[in-house]
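**Q** here is my input, please return the structure:
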Amino acid sequence: MIEQNQISPNFRSGYVSIFGEPNVGKSTLMNAILNTKLSITTPKPQTTRRKILGIYSDDETQIIFLDTPGLIEPKYLLQKKMVENIHSALNECDIILTVIDTTERVIQNFDSKIIPALLPYDGVKNIFLVINKIDLITKEKLLELIDRFKDKFKFNEIVPVSALHQFNIDELTRTLKQYLPVHPPYFPTDILSQEPERFFIAELIREKIFELYREEVPYSTEVIVTDYKERPKGKDYINAEIIVERESQKRIIIGKNGEALKRVGEKARHDIEQFLGRKVYLELFVKVRENWRDSSLWLKNFGY
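**A** Residues are numbered from 1 along each chain as shown. Next up, the predicted model:
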């Protein structure tokens with residue numbers, strides 16, 4: 001941690017919003033830059049629901065990343081809250097990091113979805129284009145994409161990366177630093193996020209639900225950590241509730257003889273122990289809150 005009296009007068013610090021469609025690798029990108037898993041990642045779209053803050057610090061700079069949900073047309077109240085998180089992140093940042101991947105779907109949606117969302121910030125904020133997953137295309141195709149997108153919008157920088165394989169991540173970070181305003185650090189330089197441990201524990205459990213269940217079930221679940229006790233001797237105790245919308249979903253989450261829920265607990269406990277650096281005893285319960293995704297009261301209770 002840098003002491004206050006050691007901070008250079010030329011120290012640079014600012015907010016960077018990571019923006020784009022679902023499943024283009026926004027969370028993987030932030031995790032790669034921070035070299036730490038803060039945002040959960042799964043192959044399913046809309047895994048990220050909240051605006052997640054991650055902090056990169058070195059002796060000369062601090063970059064506060066805001067990992068946002070994927071840009072979607074909202075169909076219910078939870079998704080409306082997710083879209084609100086996107087717009088609040090874009091409004092409060094210094095740099096917009098627009099992430100796309102190399103799939104045809106995302107490339108085709110660029111004109112209709114990405115550009116209209118960026119236009120209000122054109123000339124107001126520094127806007128980067130990050131082309132992710134370049135390991136899946138040829139160099140010729142990449143150069144073609146760069147030429148195509150630089151004619152679509154006036155980006156300050158276009159940076160190709162492979163977040164999954166850590167390719168060009170250092171170059172992206174160096175380039176971001178050049179655009180940060182001169183400002184002392186907003187946060188202590190020895191922390192990676194301002195979120196409490198309970199938040200990350202709940203997210204890791206939710207990640208396992210996304211990995212292990214199909215169709216609508218993961219999207220109908222929320223995870224709340226109701227009790228967390230650190231113990232000087234023995235394992236830490238964690239009690240968490242998995243919230244679903246219907247009794248039928250509860251039965252699916254629990255599974256025959258509780259086997260499915262046990263599998264969630266085992267996989268989540270492993271990742272939680274890695275995250276916390278200590279052993280835990282994890283208890284999971286499943287509760288029904290009908291139509292919670294469309295209830296302003298339940299969403300407020302769940303922190304949305």
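**Q** low-confidence stretches in the chain?
**A** Counting by pLDDT under 70, the chain shows low-confidence ranges at 1-5.
**Q** in it, which helix is the longest?
**A** helix 259-276 (DSSP state H).
**Q** so which bits of it are buried?
**A** Neighbour-count burial for helix 259-276 flags 260, 261, 264, 265, 267, 268, 269, 271, 272, 275, 276 (criterion: 16 or more other CB atoms under 10 Å). (Each C-beta comes from the backbone N, C-alpha and C, glycine too.)
**Q** who touches the helix or strand hosting residue 18?
**A** Per DSSP states H and E: residue 18 is located in strand 12-20. Residues from elsewhere that reach strand 12-20 (CB atoms under 8 Å, 6 or more residues apart in numbering): 26, 29-30, 60-68, 70-71, 86, 89-90, 92-100, 114, 117, 176-177, 179-186.
**Q** dump the longest helix of the chain to CSV, keeping only the CA atoms.
**A** What follows is helix 259-276, C-alpha atoms only, in CSV (Å, rounded to 0.1, in the frame of the first residue of the first chain):
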residue,chain,number,x,y,z
GLU,A,259,-27.7,-35.1,-4.8
ALA,A,260,-27.8,-32.1,-7.1
LEU,A,261,-27.7,-29.6,-4.2
LYS,A,262,-24.8,-31.6,-2.7
ARG,A,263,-22.9,-31.3,-5.9
VAL,A,264,-23.4,-27.5,-5.9
GLY,A,265,-22.2,-27.3,-2.3
GLU,A,266,-19.1,-29.4,-3.0
LYS,A,267,-18.0,-27.3,-6.1
ALA,A,268,-18.8,-24.0,-4.5
ARG,A,269,-17.0,-24.9,-1.2
HIS,A,270,-13.8,-25.7,-3.2
ASP,A,271,-13.8,-22.3,-4.9
ILE,A,272,-14.8,-20.4,-1.7
GLU,A,273,-11.9,-22.0,0.1
GLN,A,274,-9.5,-20.9,-2.7
PHE,A,275,-10.9,-17.4,-2.6
LEU,A,276,-10.8,-17.0,1.2
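**Q** what's the first helix or strand after it?
**A** Helix 259-276 is succeeded, C-terminally, by strand 280-288 (DSSP H and E).
**Q** give me the contacts around the helix or strand following that next one.
**A** Downstream of strand 280-288, the first helix or strand assigned by DSSP H and E is helix 296-301. Helix 296-301 is contacted by residues 77, 78, 81, 289, 292, 293 when judged by CB under 8 Å, 6+ apart.
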